[in-house]
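Undergrad: Here is my input; please provide its structure:
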Amino acid sequence: MRALSILKNWRVLCLILCIQILSSSEIAIDTVESHSLTDSVHQNTIQTKNGLVYIFEIRKEIAKPAWRITLEAFEEALLLKANYILIHLNTYGGMVNIADSIRTKILNSPIPVMIFIDNQAISAGALISIAADSIYMRSGGSIGAATVVDQSGAVVPDKYQSFMRSTMRATAEAHGKDTIIKGNDTTYVWHRDPHIAEAMVDPRLVVEGIIDSGKVLTLTVEEAIQVGYCEGKASSVREVLEISGLSDYETRKYELKSIDHIIVLLLSPVAQSLLILLIIGGIYFELQTPGVGFPLGIAIAAALLYFAPLYIEGLAQNWEVLAFIVGIVLLALEIFVVPGFGVTGISGIMLILLSLTMSVIDNVVFEFEGIGAFIKVAKVFARILLTVLVSFFLSLWISRKVGTSNLFKGLALAAEQDKSRGFISIDTHQKDMIGKSGTAYTVLRPSGRVKIEGEIFDAKAEIGFIDKNDQVKVIRDETGQLYVIKIKK
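TA: Prediction:
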């Protein structure tokens, strides 16, 4: 009992020591380069001495992942009670609807937002940048060229350009006007000239001294500073903080969580192709084996890993997932219930291919990209179809290898049922039925059953369909099945 008491005391002391160590580590100040946003809630409520600048990056295409990161970053910045948000941006553009969502989030943010354009803020990136309270750019960078184009780079119809023009103009106007007093004269000047923002979309606009008609506006760093679209030039995040007078502030940097890394991995074309291979291969091998087993489990797991990240990112819609399930059901009905191969099986295959294709594509492309959307769908469909075909033929090859390779010898029965030893595959009694007559016990379309001399046999109509109770005659026996013809009355 005394030993047990000592052991308990040691456990309590160790627990107290661990708590003290964790508490002391929570007050450490992380740098911009290394701090992780996966801190505990206790760490998030630490009071900073001068203030806190929260930093996150958008350095790829403006797409669904960028929107999800933006939402998470703004939410954690509010939790941390950050004084400023700094977006480290470098992009050549992306999806207009995602850029519009991000710019709206910035405009409505209760925390001031700064953007550091680390080289490029083109197209959708320009819209996001203009929404920020202040913009800083790296030497050699540029901002602008926001004309809406499709996947092939062709300019889309004017109704889409009109939307982008008004959005760019409204974003610039949202920053209001500066009051300039000279003597007794008071004038109001836009903090960011809306005409300049609109000229980044419309080549027909002329902004005196900046851009002539016929050209889409893109500003260099010096030009952006001159027209009020950039607050300063910087070569790093640290230099941005120094220029803006925030060098004494603490910094916290957003970092991808484990689930984010997994989603990014599963959304890669290579991973998606491998998952399709497992889905098709699992279904194929399940059909080749009796009962429900391991191959079906592999196919279901692969389907979940394929659709789940797409659903989380907002790409896969409910109807696309439902189409995949219905396609599998139709294919199963074709194989196990409906004789032959026809409409049911083809419909199932088409639904499977459609769901695998459309779940990868954001449906908003049909609103903004016109004919380019169908080109994109065709490319993805071709990739999915090629992957499915490769998966099918690879499954055939593997199934043959499993049957002949010594490596898999233990997985299958190897004993031979030799005819000389008394083994036969069919009942020889039904061969005695050749030439005899009977009635159709079921409808033969063309397969069914017949009743001859009080016994029931599997049978197949030699010509056409035979209705139930029709008189039939057995003409031959092949592969363990009777072939019959209808006796005309």
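Undergrad: in this structure, which helix has the most residues?
TA: Ranked by number of residues, the top helix in the chain under DSSP state H is helix 371-404.
Undergrad: Now do that helix: distance to the chain's middle.
TA: 19 Å (Cα atoms, centre = their mean, to the nearest Å).
Undergrad: Neighbouring strands - and their directions - for whichever helix or strand comes after it?
TA: Downstream of helix 371-404, the first helix or strand assigned by DSSP states H and E is strand 437-440. Applying DSSP bridges, strand 437-440 is found paired with strand 447-452 (antiparallel), strand 471-478 (antiparallel).
Undergrad: Could you pull up the mean pLDDT of the shortest one?
TA: Averaged across strand 447-452, the pLDDT comes to 86.
Undergrad: And the contacts of it?
TA: Contacts to strand 447-452, defined as Cβ atoms under 8 Å, 6 or more residues apart in numbering, come from residues 339, 433, 436-442, 444, 456-461, 466, 472, 474, 482, 484. Heads up, the C-betas are built off the backbone N, CA and C, glycines and all.
Undergrad: Quick one: buried ones out of the residues you listed?
TA: 433, 438, 440-442, 444, 457, 459-461, 466, 472, 474, 482, 484 (16 or more other Cβ atoms under 10 Å).
Undergrad: Now flag whichever of those is closest to Ile335.
TA: Nearest to Ile335 out of the buried ones among the contacts of strand 447-452 is Lys460 (Cβ to Cβ; 18.5 Å).
Undergrad: Stretch 82-95: how far from the chain's middle?
TA: Its chain's average C-alpha position is 22 Å from that of stretch 82-95, according to Cα atoms, centre = their mean.
Undergrad: again, but for stretch 256-271
TA: 9 Å.
Undergrad: Show me which positions of that stretch end up buried.
TA: Neighbour-count burial for stretch 256-271, counted by 16+ other Cβ under 10 Å, picks out Leu256, Ile263, Leu266, Leu267, Ala271.
Undergrad: Quick check, central residue of the protein?
TA: Leu310 (3.0 Å; Cα atoms, centre = their mean).
Undergrad: For that residue, what are phi and psi?
TA: phi -70, psi -40 (degrees, to the nearest 10).
Undergrad: got the contact list for it?
TA: Residues in contact with Leu310 (Cβ under 8 Å, 6+ apart) are Leu267, Ala316, Ser359, Val360.
Undergrad: now, which of these sits nearest Glu250?
TA: For the contacts of Leu310, the closest approach to Glu250 (Cβ to Cβ) belongs to Leu267, at 33.4 Å.
Undergrad: Would you quantify the distance from the nearest residue to that closest one once chain neighbours are set aside to Val360?
TA: Computed as Cβ to Cβ, 6 or more residues apart in numbering, the closest residue to Leu267 that is not its neighbour in sequence is Pro309, at 5.3 Å. The spacing between Pro309 and Val360, counted by Cβ to Cβ, to the nearest Å, is 11 Å.
Undergrad: rewinding a little: distance check, the residue nearest to Leu267 against Ile115.
TA: Computed as Cβ to Cβ, the Pro309 to Ile115 distance reads 28 Å.
Undergrad: likewise Gly141?
TA: Separation of Gly141 from Ile115 (Cβ to Cβ): 11 Å.
Undergrad: next one: Leu305
TA: Separation of Leu305 from Ile115 (Cβ to Cβ): 35 Å.
Undergrad: residues contacting the residue lying closest to Gly281 once chain neighbours are set aside?
TA: In this structure, Gly281 finds its nearest non-sequential neighbour in Ser395, 4.5 Å apart by Cβ to Cβ, 6+ apart. By Cβ under 8 Å, 6+ apart, the residues touching Ser395 are Ile280, Gly281, Tyr284, Phe285.
Undergrad: I'd like to know which of those residues is nearest to Val390.
TA: Checking the contacts of Ser395 against Val390 by Cβ to Cβ gives Ile280 as the nearest, at 8.9 Å.
Undergrad: Domain map for this protein?
TA: Domains of the chain are assigned by automatic domain parsing as 27-255, 267-400, 427-486.
Undergrad: tell me the most buried of those domains?
TA: domain 27-255 (a mean of 18; mean count of other Cβ atoms under 10 Å).
Undergrad: measure stretch 146-165 end to end?
TA: Terminal residues of stretch 146-165 are spaced 9 Å apart (Cα to Cα, to the nearest Å).
Undergrad: And the helices in the stretch 151-300 of the chain?
TA: Under the criterion DSSP state H, counting those that start in this stretch, the stretch 151-300 of the chain contains helices at 158-173, 194-199, 221-226, 237-243, 258-266, 269-288, 294-312.
Undergrad: Export the ones you listed as CSV, with columns for distance to Leu386 and mean pLDDT.
TA: Converted to CSV, the helices of the stretch 151-300 of the chain look like this (distance: least, Cβ to Cβ, whole Å; pLDDT from 0 to 100):
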stretch, distance to Leu386, mean pLDDT
helix 158-173, 32, 91
helix 194-199, 43, 94
helix 221-226, 45, 94
helix 237-243, 43, 95
helix 258-266, 20, 80
helix 269-288, 9, 83
helix 294-312, 16, 86
